[in-house]
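> Sharing a model that was predicted from the sequence below.
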Amino acid sequence: MQISFITSYLTFYLKGFVKCDNNFVEISCPNTILKLIPLGSLKKTFPIAQVSSVNSNFKVTLGSLLWGALIALLGLGTLTSSFFLGLILAAVGVLMVLGSLQTAVYITVAGNDYLIPIIFLEKAKAEQICSTIQAMIAKRYDDTNVRVHTEKSTDRLVDAINNMSHK
């Protein structure tokens, strides 16, 4: 299962993704400066056995919010002298403000938190990532739960003994 998502409106062409298989979780998120300038990407792969939790919440990136508001105001101020430049600056500022509103997914791996920023309009994808990884964690616990496996084995032995004694 692979889920791709956008981390910023200004760099909508840079997609991040979370890929899950039976044993590993792989994440890839583009790195940007002020949600505007691409600067490589973060790529991590870790075994599901090391993932202890996954959570999502709404987050506001204060730096991008302030810079976006400043650029938008600057763009509105220059509309009278240079309409085209003012319009571009205002649009970039508004997109930066919108990009500062995120649904953040936190994956805790071996005590370290990894942040996956997703634009708030793709909240459903963030929830899908969380539920998929939580299901993988639950499956891992079920597979390694000695008590449950011992009870099943004991039940099969008791059934076998009962079937032998009834013959």
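Thanks, I have the structure now.
> What are the contacting residues of stretch 85-102?
Contacts to stretch 85-102, defined as CB atoms under 8 Å, 6 or more residues apart in numbering, come from residues 7-10, 34-36, 58-65, 67-80, 117-120. Every residue, glycine included, has its C-beta placed from N, CA and C.
> Among the residues you listed, which ones are in strands?
Using DSSP state E, F58, K59, V60, P117, I118, I119 are the members of the contacts of stretch 85-102 that sit in strands.
> neighbours around the last one, how many?
As a burial measure, I119 scores 21 neighbours (other CB atoms under 10 Å).
> Equivalent analysis for the second one, please.
Using other CB under 10 Å as the criterion, K59 is surrounded by 17 other residues.
> ditto for the first one
Under the neighbour criterion other CB under 10 Å, F58 is assigned a count of 11.
> contacting residues around it?
Counted by CB under 8 Å, 6+ apart, F58 has contacts L101, Q102, T103, A104, F120.
> what does the fourth one give?
Counting by CB under 8 Å, 6+ apart, P117 touches T7, C29, K59, T61, Q102, A104.
> Go again with 6 Å.
T7, Q102, A104 (CB atoms under 6 Å, 6 or more residues apart in numbering).
> and the second one, what are its phi and psi?
Dihedral angles phi and psi of Q102 (degrees, to the nearest 10) take the values phi -130, psi 160.
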